[in-house]
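Asker: Build me a model from this:
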Amino acid sequence: MSALICVARIGAAHGVRGAVKLWTFTEDPFAVKRYGPLLSKDGKRQFELAQAREAKDHLVATFKGVTTRDEAERLNGIELYVAREKLPATDPGEYYHTDLIGLAAVTTAGDALGRVFAIHNFGAGDIIEIAPLKGATMLLPFTNAVVPEVDIAGGRVVIELPQEIEGDVPSPSRPGEGRDS
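Answerer: Down below sits the predicted model:
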């Protein structure tokens, strides 16, 4: 089976006729309708979208074969996937997160930092998580300033490490140093 890409997550039931809240991860929320049957993470279950309409920040959707609130409630939390080849090609400078996972992370000087572990978005923009060769993972803004080069064919991302990360406080070398009193 080809790589599966998560395109949506089913939320709470909506109403009494089997509708659910559907949180999509696609640029166009209605793109999930064009991919054909959506799959569970293990690829064993298929979900065919019957209808979808726009709501405040999600879709309200129904799936074929789901007609009651009880059936809809049992779907809450299921992530929906499509095969990678069903997704459209990306424009230059755009990437699917899955294409970045596992790439080597190097500094602008060429020093190895580790590998891309994940891409997150907690609401304020994308964050790239680097799993270093040793030590704790690094979370960095996924911006052109911090990640000036993404070379998928070459298997690497180039990282310009920030001099200071907002909120970091240097640890004082002697009592009273490094902090305002």
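Asker: average pLDDT across the host helix or strand of residue 127?
Answerer: Assessed by DSSP states H and E, residue 127 sits inside strand 126-132. Over the span of strand 126-132, the pLDDT mean works out to 94.
Asker: Report the next helix or strand after it in sequence order.
Answerer: strand 138-141.
Asker: Kindly report the domain assignment for this protein.
Answerer: 4-86, 97-159 (automatic domain parsing).
Asker: Mean neighbour count, those: which tops it?
Answerer: domain 4-86 (a mean of 16; mean count of other Cβ atoms under 10 Å). In this view, the C-beta of every residue, glycine as well, is placed from N, C-alpha and C.
Asker: I'd like the distance from that domain to the chain centre, please.
Answerer: Chain-centre distance of domain 4-86: 17 Å, with Cα atoms, centre = their mean, to the nearest Å.
Asker: packing partners for the helix or strand of the chain with the lowest mean pLDDT?
Answerer: Lowest by mean pLDDT, DSSP states H and E among the helices and strands of the chain is helix 97-100, with a mean of 88. Judged by 3 or more Cβ pairs under 8 Å, 6 or more residues apart in numbering; DSSP states H and E, the packing partners of helix 97-100 are strand 112-121.
Asker: can you give me the strands in the chain?
Answerer: Ranges of strands in the chain, per DSSP state E, are 4-14, 19-24, 38-39, 46-47, 49-54, 59-63, 79-83, 104-107, 112-121, 126-132, 138-141, 149-151, 156-159.
Asker: Who are the packing partners of the fifth one?
Answerer: This means strand 49-54. Strand 49-54 packs on strand 59-63, going by 3+ Cβ pairs under 8 Å, 6+ apart.
Asker: so where's this structure shaky on pLDDT?
Answerer: 1-2, 164-181 (pLDDT under 70).
Asker: Let's see that with 80 instead.
Answerer: 1-2, 123, 164-181 (pLDDT under 80).
Asker: that older thread, just put the strands of the chain in CSV and tack on distance to residue 32.
Answerer: Below are those laid out as CSV (distance: least, Cβ to Cβ, whole Å):
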stretch, distance to residue 32
strand 4-14, 5
strand 19-24, 5
strand 38-39, 7
strand 46-47, 10
strand 49-54, 6
strand 59-63, 8
strand 79-83, 7
strand 104-107, 31
strand 112-121, 18
strand 126-132, 21
strand 138-141, 28
strand 149-151, 26
strand 156-159, 28
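Asker: Indicate which one of those is closest to residue 70.
Answerer: strand 4-14 (8.3 Å; Cβ to Cβ).
Asker: what's next to that closest one, contact-wise?
Answerer: The contact list for strand 4-14 (Cβ atoms under 8 Å, 6 or more residues apart in numbering) reads 19-26, 31-32, 35, 38-39, 41, 43, 58, 60, 69, 72-73, 75-84, 87, 96, 98.
Asker: Just checking: what are the partner strands of that strand?
Answerer: Applying DSSP bridges, strand 4-14 is found paired with strand 19-24 (antiparallel), strand 79-83 (antiparallel).
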